[in-house]
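Peer 1: what shape does this take:
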Amino acid sequence: MPSKRYTQEFKDEAVRLIRERKYSVQETAKRLGVSAHSLYKWLGGQRTFKREQTHAELEREVLRLKKELLRAEEERDISNF
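Peer 2: Numbering: from 1, shown residues only. Model (predicted):
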């Protein structure tokens, strides 16, 4: 079966969805109807991108939880007066 050809604009948009909009490779592949393998190739073989994105997401979650904990501790301290 012949492989499907995609325009450079299509490939660039797919990569932009992953890099800028933070969609996962799997989600983007499903939405666009292309293979994850193709997307990884279009990303330049940067399979570590998903790991970096996940790491950044974890850092944001840790910061959010720290703020939430601080707020809960302040509420606790106020209610103890």
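
Peer 1: off-centre distance for the helix or strand bottoming out on mean pLDDT in the chain?
Peer 2: The weakest-scoring helix or strand in the chain, judged by mean pLDDT, DSSP states H and E, is helix 48-79 (a mean of 84). Offset of helix 48-79 from its chain centre (CA atoms, centre = their mean, to the nearest Å): 17 Å.

Peer 1: so what does the residue nearest the centre of the chain look like in phi/psi?
Peer 2: Centroid-nearest residue in the chain: Lys22, 3.6 Å away (criterion: CA atoms, centre = their mean). With angles defined as degrees, to the nearest 10, Lys22 sits at phi 60, psi 30.

Peer 1: and for Tyr6?
Peer 2: Backbone torsions of Tyr6, given as degrees, to the nearest 10, read phi -120, psi 150.

Peer 1: surely it and Leu32 touch.
Peer 2: No. Between Tyr6 and Leu32 there is no contact under CB atoms under 8 Å: 9.0 Å. Every residue, glycine included, has its C-beta placed from N, CA and C.

Peer 1: who touches both of these two?
Peer 2: Residues touching both Tyr6 and Leu32 (CB atoms under 8 Å, 6 or more residues apart in numbering): there are none.

Peer 1: tally of neighbours for Arg16?
Peer 2: 12 (other CB atoms under 10 Å).

Peer 1: Leu63 too?
Peer 2: Around Leu63 there are 10 residues (other CB under 10 Å).
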